[in-house]
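A.B. asks: Quick one: sequence plus predicted model below, questions after.
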Amino acid sequence: MADPSAGTVALVALGCPKNLVDAEQMLGVLCADGYQLVTDIEQANVIVVNTCGFLQAARDEAVAEIRAAARLKRSGQCDTLVVTGCLAQLTPALIRDKCAEVDLVVGVSEFPHLAELVRQQRAGIQVQTTLVSAPALPYQDSLPRRRATPPWTAYVKIGEGCNCNCTFCLIPTIRGSLRSRSIDSVVAEARALVADGVREVNLIGEDTTGFGSDRGPRELADLLRALGGVDGLDWVRILYAYPTKVDDKLIAAMAETPNVLPYLDMPLQHAADSVLAGMGRGGRRDGYLRLIGKLRAAMPDICLRSTFIVGFPGERRPEFEELATFLDEAALDRVGFFAYSAEAGTPAAALPHQVPAGVARARVAELAERQARVSAARLQALVGRRLTVLVERVAEGELVGRSYRDAPEIDGVVHCVVGEWPIATGEMVDVRIDQADTHDLRGTLVADRGER
């Protein structure tokens with residue numbers, strides 16, 4: 001319960017959904033300590049900037065947000081500025097160098113102490129102003145959590161850290177090695193979320209498919225089957241799957257568990273074998289195509305999303321063409337492209353044959369245009385189909401929602417005219433798809449049997 005004497009807190013959340021869950025737990029511990037949450041940082045006594053540090057662009061964005069908060073501290077009612085998250089973990093000295101107004105720098109394994117640190121800082125008690133330790137903290141399922149997502153959907157982090165060690169990636173440096181939660185812990189959280197009105201759970205982690213491998217065999221398939229027994233949990237979605245860990249056991253669990261969606265976010269990163277080898281990835285082009293075929297055989301309606309890094313060292317025009325033709329052959333539903341960024345401290349940054357940034361950006365544009373045609377064709381094939389849609393917005397006689405094919409804030413949406421029908425957000429309705437474009441669908445509301 002908010003305590004007026006404690007003051008107000010605002011949190012600027014940057015980065016991925018995994019970082020967002022951390023931010024929600026930070027808000028949870030601060031609100032449990034009596035702080036009132038405000039969305040306008042100009043009204044906050046305490047500002048927390050939870051940063052991303054994965055790429056240089058993300059670090060630049062974080063520094064800009066920290067400096068904006070620092071200006072409020074100099075001129076407004078803010079008395080305590082805290083920087084947390086991946087950038088705080090990776091380069092705490094940089095934060096101090098860029099912005100002297102920062103009071104506390106708190107790493108990814110120390111944020112459970114945030115409320116105590118802020119309380120002492122505001123009371124004038126001498127505290128350790130930079131608290132960054134080795135990233136070894138397991139997921140803290142006992143911490144309170146103030147969710148920032150709509151009431152009907154939630155991210156559930158099933159572990160911390162990663163053991164993949166891709167040559168382009170700083171995540172193991174920032175987040176440490178894999179520490180999986182227990183199946184019982186995840187299921188208990190899912191039950192609590194459902195009791196709080198959640199209908200959709202999105203499983204996240206640096207490598208969700210590695211779940212359990214730090215203590216024995218991989219357990220994601222077992223977790224899915226356990227989540228299938230959670231009454232009231234309508235949708236379970238898997239994000240951040242590592243392709244070589246998508247095995248027959250996992251595919252069977254996805255296909256056989258009714259509330260597990262036929263949707264898989266599976267970053268492939270490239271399709272030329274030489275580039276994949278340089279990236280330290282386990283998969284290869286032919287294996288990827290076989291896996292895609294196996295997934296579609298088990299789940300004909302599966303929506304496959306992936307991401308690719310373009311311009312990795314050694315990507316000549318032939319390797320780029322391999323990736324381009326792979327996109328046509330794989331016919332993935334949703335694809336994101338990123339120009340390679342040489343990150344200091346990663347093995348890939350020292351590789352020869354670095355691709356000029358301008359070339360990489362041009363290749364991204366070329367691939368995006370090519371994939372747009374594939375994605376549009378995949379969506380066009382849905383015209384005439386009937387999809388269940390989770391309603392997220394209703395205004396002026398139209399609903400906007402997501403089908404099983406649409407992860408929150410990543411993929412497309414479904415538009416549907418509802419007229420005078422009393423449709424509420426968080427409701428699930430059936431929509432007959434009438435039109436499709438490159439990203440979104442438009443349809444007509446139908447009842448369970450026949451037109452409304």
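C.D. replies: Alright, I've got the coordinates. Numbers count the residues shown, from 1 in each chain.

A.B. asks: Any regions of the stretch 301-450 of the chain where pLDDT drops low?
C.D. replies: Residue ranges of the stretch 301-450 of the chain with pLDDT under 70: 447-450.

A.B. asks: change it to 50
C.D. replies: For the stretch 301-450 of the chain, applying pLDDT under 50 flags the ranges 449-450.

A.B. asks: Strands of that one, residue ranges please.
C.D. replies: Along the stretch 301-450 of the chain, counting by DSSP state E, counting those that start in this stretch, strands occupy 303-310, 334-339, 386-395, 398-402, 414-417, 428-436, 441-446.

A.B. asks: Can you give me the buried ones in the first one?
C.D. replies: Of the residues in strand 303-310, 303, 304, 305, 306, 308, 309, 310 count as buried by neighbour count, 16 or more other Cβ atoms under 10 Å. For the C-beta atoms, the positions are set from N, CA and C on the backbone; glycine is no exception.

A.B. asks: One more: the longest one?
C.D. replies: Residues 387, 389, 390, 391, 392, 394 are the ones in strand 386-395 that count as buried (16+ other Cβ under 10 Å).

A.B. asks: Parallel or antiparallel, list what pairs with that strand.
C.D. replies: strand 398-402 (antiparallel), strand 428-436 (antiparallel) (DSSP bridges).

A.B. asks: Tell me what angle the first one forms with strand 441-446.
C.D. replies: Compare the direction of strand 398-402 with that of strand 441-446 by axes from the mean of the first three to the mean of the last three Cα atoms, to 10 degrees and you get 110 degrees.

A.B. asks: got the CA coordinates for strand 398-402 in PDB?
C.D. replies: Output of strand 398-402 as PDB, limited to C-alpha atoms (Å, rounded to 0.1, in the frame of the first residue of the first chain):
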ATOM      1  CA  GLU A 398     -13.700  -1.400 -33.800                       C
ATOM      2  CA  LEU A 399     -11.600  -3.900 -31.800                       C
ATOM      3  CA  VAL A 400      -7.900  -4.400 -32.100                       C
ATOM      4  CA  GLY A 401      -6.500  -7.600 -30.800                       C
ATOM      5  CA  ARG A 402      -4.000 -10.400 -31.400                       C
END
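
A.B. asks: roughly how far out does that strand sit from the chain middle?
C.D. replies: Relative to its chain's centre, strand 398-402 lies at 22 Å (Cα atoms, centre = their mean, to the nearest Å).

A.B. asks: and if you look at stretch 201-210?
C.D. replies: 9 Å.

A.B. asks: Now that stretch: average pLDDT?
C.D. replies: Across stretch 201-210, the average pLDDT comes to 98.

A.B. asks: Next, the distance between the ends of it.
C.D. replies: 18 Å (Cα to Cα, to the nearest Å).

A.B. asks: same check, this time on stretch 90-102
C.D. replies: In stretch 90-102, first residue to last residue: 16 Å (Cα to Cα).

A.B. asks: Check what contacts that stretch and list those residues.
C.D. replies: Outside stretch 90-102, the residues that touch it by Cβ atoms under 8 Å, 6 or more residues apart in numbering are 53, 59, 63, 66-67, 70, 73-74, 81-83, 87-88, 105, 107, 130, 132, 170, 173-174.

A.B. asks: No further queries at this time; thank you.
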